[in-house]
Structures are given as structure tokens and as C-alpha cells.
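Student: this one's structure only:
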């Protein structure tokens, strides 16, 4: 689940977690990305979804 509760977009501070499902090469996956709003740096991962 995406979470923007720790973000202060007006000040450009805090962090967010973005989560979304997609299909990559015919495989259903979930992308989970954590982004720091101060530096715009972050990390992400793909999780394979099983039907």
C-alpha cells in the first residue's frame, strides 16, 4: 500500500512509499519504491505476484 503520510510536499521533506502492480514481460509484479523527498534518492524492488 502506498504511504505519503510522512511527506511534506510543500517543504520538500520527508519520504514516501509508492506501490503499484504491473505486468513485466508477461509476469505480474508489484513495484515497491521508497523515495526521500529531500534528495529524491530512493530504492525500489519488484515482487513477483503469484496467481
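Tutor: Right, received. Where do you want to start? Because the structure is a prediction, the values reported are computed rather than measured. Numbers count the residues shown, from 1 in each chain.
Student: Can you give me the distance of residue 46 to residue 16?
Tutor: Residue 46 is 18 Å from residue 16, where distance means CB to CB, to the nearest Å. Glycine gets a C-beta too; all of them are placed from N, C-alpha and C.
Student: And these two? Which one has more around it.
Tutor: residue 16 (17 against 13; other CB atoms under 10 Å).
Student: Residue ranges in this protein under the pLDDT threshold?
Tutor: By pLDDT under 70, the low-scoring segments of the chain are 51.
Student: Now do the buried residues in the strand ranked longest in it.
Tutor: Of all the segments of type strand in the chain, defined by DSSP state E, the longest one is strand 13-24. Buried residues in strand 13-24, counted by 16 or more other CB atoms under 10 Å: 15, 16, 17.
Student: Specify which member of those residues is nearest to residue 9.
Tutor: residue 16 (8.9 Å; CB to CB).
Student: The closest one and residue 3 touch, don't they?
Tutor: Yes: under the criterion of CB atoms under 8 Å, residue 16 makes contact with residue 3 at 6.8 Å.
Student: Tell me the bridge partners for residue 8.
Tutor: residue 13 (DSSP bridges).
Student: Tally up the residues packed near it, please.
Tutor: Applying other CB under 10 Å, I find that residue 8 has 12 neighbouring residues.
Student: swap in residue 37?
Tutor: Neighbour tally, residue 37, other CB under 10 Å: 18.
Student: just residue 28 next, same as before
Tutor: Using other CB under 10 Å, residue 28 is surrounded by 13 other residues.
Student: Need the residues that contact stretch 7-15.
Tutor: Here stretch 7-15 makes contact (CB atoms under 8 Å, 6 or more residues apart in numbering) with 6, 16, 34, 35, 36, 37, 38.
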